[in-house]
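Asks: With the input below, show me the fold.
(one chain, ligands or ions: 2)
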Amino acid sequence: MSQLTISTQFDSGSIEVVSLADHRDVQLRIKADNASAFAQWFHFRLQGAAGLPLTLRFLNAGQSAYPDWNGYRVVASYDRHHWFRIDSAFDGQVMTASLTPVAQSVYFAYFEPYSYERHLDLIGFATESDKVEVEHLGNTLDGRDMTLLRITDEDGATPVERKKKVWLIARQHPGETMAEWFVEGFLERLLDGDDPVSRVLLDRCIFHVVPNMNPDGAVRGNLRTNAAGANLNREWQEPTLERSPEVFLVRQKMLETGVDLFLDAHGDEARPYNFVAGCEGNPGYNERIAALEDAFKAAWIASSPDFQDEVGYDRDAPGQANLTLATNWVGQQFDCLAYTIEMPFKDNANLPDEEYGWSGERSKKLGAGVLQAILAVVGKLR
Ligand code: GEM
Ligand code: ZN
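Replies: Ligands and ions are numbered 1, 2, ... in the order given. Take a look at the predicted model:
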């Protein structure tokens, strides 16, 4: 029998090994976040199986945070850059994935990872631009930087006091790595000096972008929480430096700058679609916001066949919004257009990709495309 090894001591590494005795029956358990019961994210390296028909069995998939694994396929990579989907199945309790590796070392993950090093490289890329100011907001509980990018064309025709304040945050839930891929695509286009949409928006807006709201949870391999076990997207009414400094620091900055448009990038474990969730349940929700939502979605649908508005979350009933969620709290606090953006861990069922499913690259394209939707509403946000 082959000598297999599994390791996880790297950025976002996480899995529990039950048995490696038989390559045809590698028994695994998905680990919970470090200080909460949410279990869904996994990322590990397996060595010693070149040419062997591997079967991975995730024994507790039925008890994961979001146990609808139907239609989901595990991602794999040899070089940690090119990730592809492998055959997977779910019987209601055990999720099974199979691959005959062509090399002795192969990585598996819940979704294409986005490392803290890549995060720092993204900040570095933005730092090079004369349109960007990099601001240190403070530190997380594990001591990592909370970094804000302030992006605008100071030499544009629009006076600064008339520029619209557009906020984009991402990865409150650290295992939703597609959110930071989305921001990478958003920034690459926004900072492309040849792109006419970007040039107009940099004149008319000040963008405030937080590419990773939860760097500690990301490195720890958490799905949904920070180092203290806080679900940041339930902390927006009363954040604290002791439990949710990430939200406390960003929210404090928002109260300084004001917000005219807010976007919060996430991933959804079950629905194989890209969609948005608004703040229709807010006490202050009104026709003006509803009209902005319609214009925003129509423009995004027109510019990206990967976006749709048929499938999504149930709408909140009037006055029933949970104001601890970022989108609801910001929409209510600033009477502004505010959206949670959801991308799939599975695929876009309207435009499936057999080899990759939904991926980092497709998340980047979607992030670039949202600029078109912002352009459609920028002149009527107030
Ligand atoms: C979601 S946001 C849920 C919004 N629900 C409705 N009905 N508007 C969360 O935090 O639970 C975002 C996510 O985790 O992807
Ligand atoms: Zn989320």
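
Asks: Spit out the contact partners of residue 315.
Replies: Taking C-beta atoms under 8 Å, 6 or more residues apart in numbering, we find residue 315 in contact with 278, 280, 281. All C-beta atoms are positioned from the backbone trio N, CA, C, and that covers glycine.

Asks: which of those residues has the most neighbours?
Replies: residue 278 (25 neighbours; other C-beta atoms under 10 Å).

Asks: Where does the most centrally placed residue in the chain fall, secondary structure wise?
Replies: Nearest to the mean C-alpha position of the chain, by C-alpha atoms, centre = their mean, lies residue 179 at 2.1 Å. Using DSSP states H and E, the element containing residue 179 is helix 178-190.

Asks: returning to what we had before: the residue nearest to the centre of the chain and residue 367: what is the separation?
Replies: According to C-beta to C-beta, to the nearest Å, residue 179 stands 9 Å off from residue 367.

Asks: For residue 62, which non-adjacent residue is closest in space?
Replies: Spatially, and ignoring its direct neighbours in sequence, residue 62 is nearest to residue 93 (3.8 Å; C-beta to C-beta, 6 or more residues apart in numbering).

Asks: so where's this structure shaky on pLDDT?
Replies: 1-2 (pLDDT under 70).

Asks: Can you pull the residues of it lying near ligand 1?
Replies: Counting by C-beta under 6 Å from any ligand atom, the chain comes close to ligand 1 at 173, 233, 266, 268, 277, 313, 314, 316, 325, 340, 342.

Asks: would you turn those into JSON lines with neighbour count, distance to ligand 2 and secondary structure?
Replies: Shown next, in JSON lines, are the residues of the chain next to ligand 1 (neighbours: other C-beta atoms under 10 Å; distance: C-beta to the ion, whole Å; DSSP: H, G, I helix; E, B strand; the rest coil):
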{"residue": "173", "neighbour count": "27", "distance to ligand 2": "3", "secondary structure": "coil"}
{"residue": "233", "neighbour count": "24", "distance to ligand 2": "6", "secondary structure": "helix"}
{"residue": "266", "neighbour count": "21", "distance to ligand 2": "3", "secondary structure": "strand"}
{"residue": "268", "neighbour count": "23", "distance to ligand 2": "8", "secondary structure": "strand"}
{"residue": "277", "neighbour count": "21", "distance to ligand 2": "10", "secondary structure": "strand"}
{"residue": "313", "neighbour count": "13", "distance to ligand 2": "11", "secondary structure": "coil"}
{"residue": "314", "neighbour count": "6", "distance to ligand 2": "16", "secondary structure": "coil"}
{"residue": "316", "neighbour count": "18", "distance to ligand 2": "16", "secondary structure": "coil"}
{"residue": "325", "neighbour count": "25", "distance to ligand 2": "10", "secondary structure": "coil"}
{"residue": "340", "neighbour count": "23", "distance to ligand 2": "8", "secondary structure": "strand"}
{"residue": "342", "neighbour count": "23", "distance to ligand 2": "8", "secondary structure": "strand"}
